[in-house]
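Novice: One predicted model, sequence on top.
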Amino acid sequence: MSTYYGPEKSSRLYQWHRRLQTRVGNAVLLWMGRRYAHLPAGIARRLGGGLGSFMRHLSPRHYRIVLTNLRLAFGEEKDERELRRIADACYRHLGKCLMEFIRLPAMSAEEIKRVTDYEGREYLDEALSRGKGVILLTAHLGNWEMVGARIAADEYPLTVIARAQRDDRLTAYIRETRRHAGMRVVHREESVRASLRALRNNELVGILLDQNAGDDGIFVEFFGRLASTAPGAAAFALRTGAAVVPTFGRRNPDDSHTIIFKPACPLIRTGDLKHDIAANTAHYTKVIEAQIRAQPEQWFWLHKRWKSRPPEEQE
């Protein structure tokens, strides 16, 4: 099987080291969550920026993934120096996002509103006025947790589909933090029924559509390369008629956040369900790509987005 990230190491020592690294990282995050939730915002952001820069050096494996992804996306457009600048800025941004997430349980709705604002909110309200629910098409861009927190703070009924972590304690911590901010959290095994119910009640469902979907995905172009992508957003839209509103976070120079709503995506419906799911998913992915291009320092480049390959590349 061809891969952009090199062969997976399978030695017992390597796998043991990976598991140990993950467990230590999870334990540190949970400890920080208990200890630093009430840090002042300015101190938390400075700590987060420094922590992000430190993490770049702590895990060379992840830094290699970041650079590989950036080369795949921008290798023909940007030189190596610019790619490394984006990588370093990405780490600082993600460190700040981490500390902002840790602070969420201690933040009131009023404080969340003070550090966030909207751009294009009329597109969301217009979509809701149709009465068929709204799918928020989003990505790990900007601070996606602050996006959900602000929308919930304004009392929009929001369901978010989340992936459970391998560590049950970390899963519980993330779930409770989101619930405290006002989001309804469902994991993938219950996501279909819960999402359909929410859309039929004219509510919002947030779907992150920018991660490798493995064998469950369909292959569409992302930065000019095929990437396995979850078909759920397109399937829900075709089944319910819900509007799909692109929704993204953007960190501003003063570390406030803007939630950007775009006009609802036109629904491609030809009567051929398989074709329509693929065509809509491809369009959604193009919308996400365009927003990442506008703020590349703020996307989650640590994920192996192009890990799964289509059958023709495995021959």
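Specialist: Happy to help now that I have it.
Novice: Show me the strands in the chain, by range?
Specialist: With DSSP state E as the definition, the chain shows strands at residue ranges 116-119, 134-138, 158-162, 184-187, 204-208, 218-222, 225-229, 243-251, 257-261.
Novice: quick one: strands adjacent to the fourth one?
Specialist: Right, strand 184-187. strand 158-162 (parallel) (DSSP bridges).
Novice: same check, this time on the second one
Specialist: Strand partners for strand 134-138, identified by DSSP bridges, are recorded as strand 204-208 (parallel), strand 243-251 (parallel).
Novice: Nearest to residue 124, out of those?
Specialist: Nearest to residue 124, of all the strands paired with strand 134-138, is strand 243-251, at 5.7 Å by C-beta to C-beta. Backbone N, C-alpha and C define where each C-beta goes, glycine included.
Novice: What is the distance between that closest one and the centre of its chain?
Specialist: For strand 243-251, the gap between its own C-alpha mean and the chain's C-alpha mean amounts to 11 Å (C-alpha atoms, centre = their mean, to the nearest Å).
Novice: Quick check: buried residues in it?
Specialist: 243-251 (16 or more other C-beta atoms under 10 Å).
Novice: likewise stretch 34-52?
Specialist: Quick answer for stretch 34-52 (16+ other C-beta under 10 Å): 36-37, 39, 44-49, 51-52.
Novice: and which of these is nearest residue 268?
Specialist: residue 52 (38.9 Å).
Novice: wait, doesn't that closest one sit right on residue 100?
Specialist: No. Contact criterion C-beta atoms under 8 Å: residue 52 and residue 100 do not qualify, at 11.8 Å.
Novice: Specify the beta-bridge partners of residue 227.
Specialist: With DSSP bridges as the rule, residue 227 is bridged to residue 220.
Novice: So what's the predicted local confidence for it?
Specialist: Note on residue 227: pLDDT of 98.
Novice: where does it sit relative to residue 97, distance-wise?
Specialist: 23 Å (C-beta to C-beta, to the nearest Å).
Novice: For the stretch 201-315 of the chain, give me the ranges with low pLDDT.
Specialist: For the stretch 201-315 of the chain, residues meeting the criterion pLDDT under 70 lie at 315.
Novice: try 80
Specialist: Flagging of the stretch 201-315 of the chain using pLDDT under 80 yields the residue ranges 314-315.
Novice: just the helices in it please.
Specialist: Ranges of helices in the stretch 201-315 of the chain, per DSSP state H, counting those that start in this stretch, are 232-240, 273-294.
Novice: And the ones you listed: which comes nearest residue 29?
Specialist: It is, among the helices of the stretch 201-315 of the chain and with distance given as C-beta to C-beta, helix 273-294, at 25.2 Å.
Novice: All good on my end, thank you.
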